[in-house]
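1. Test case, fold it:
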Amino acid sequence: MEKLYLIRHCKAAGQAAEAELTMEGFAQAQELADFLMDHGIEKIVCSPFLRAIQSIQPLAQRLHVEIEIKNRLAERVLSSRDLPDWLDHLRNSFHDLDKCLPGGESSRAAMQRIRSVVDELRTADHKCIAAVTHGNLMSLLLKHVDNRFGFEQWQSLSNPDIYCLSEFDAEPKLQRIWTSKEI
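-> Numbering: from 1, shown residues only. Predicted coordinates for the structure are as follows:
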């Protein structure tokens, strides 16, 4: 693999695994397909969450590429409990990678989970791969590549968003290639 496009899903109607894209999200998915159409993508892997699948379906259909579901690309669960102050807990999870809330996954465990997907893809026969996931999980991989990536950068992610990861054998190169557009 020479390039990995990390894609955050388009705008969705909720956080549940079965939450669909909003009308704006469906329009964003078409825009995402337009944007990525000429990037040489040969393989698509995706979170099992409906909003992620719906975000990449237009591109997959245009490219005649099957979407391969990878459960390890599912969003990180911060806690199984309702947390009124969840944003504070999320902020802290970027500093204390090992903190694990009840029923949740630590940042380090989630980071290792998405890294295992990237390591697996690096051995693929495809040169250019798209991986569709969620904001928190994606930001933890970005933090692994560039430790300066943290809570503030997570907050600045858009729906959708795209980072290109390349040059895996040397110092990995990370570049944000998506610019938010109002639809």
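
2. and P58, how many neighbours does it have?
-> P58 is flanked by 19 other residues according to other Cβ atoms under 10 Å. In short, each C-beta sits where N, CA and C put it, glycine included.

3. Assumed it was part of a helix.
-> Yes: in this structure, P58 lies within a helix as judged by DSSP: H, G, I helix; E, B strand; the rest coil.

4. now the strands for the chain?
-> Counting by DSSP state E, one finds strands in the chain at the ranges 3-8, 43-46, 67-69, 128-133, 161-166, 173-176.

5. For those strands, state which one has the densest average packing.
-> strand 128-133 (a mean of 25; mean count of other Cβ atoms under 10 Å).

6. packing partners for that strand?
-> With contacts defined as 3 or more Cβ pairs under 8 Å, 6 or more residues apart in numbering; DSSP states H and E, the secondary structure elements packing on strand 128-133 are strand 3-8, strand 43-46, helix 50-63, helix 107-122.

7. What is the least confident helix or strand in the chain?
-> Counting by mean pLDDT, DSSP states H and E, the weakest-scoring helix or strand in the chain turns out to be strand 173-176, with a mean of 92.

8. Same list (the strands of the chain) but as TSV, adding distance to E20.
-> Conversion of the strands of the chain to TSV gives the following (distance: least, Cβ to Cβ, whole Å):
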stretch	distance to E20
strand 3-8	16
strand 43-46	15
strand 67-69	16
strand 128-133	15
strand 161-166	19
strand 173-176	26
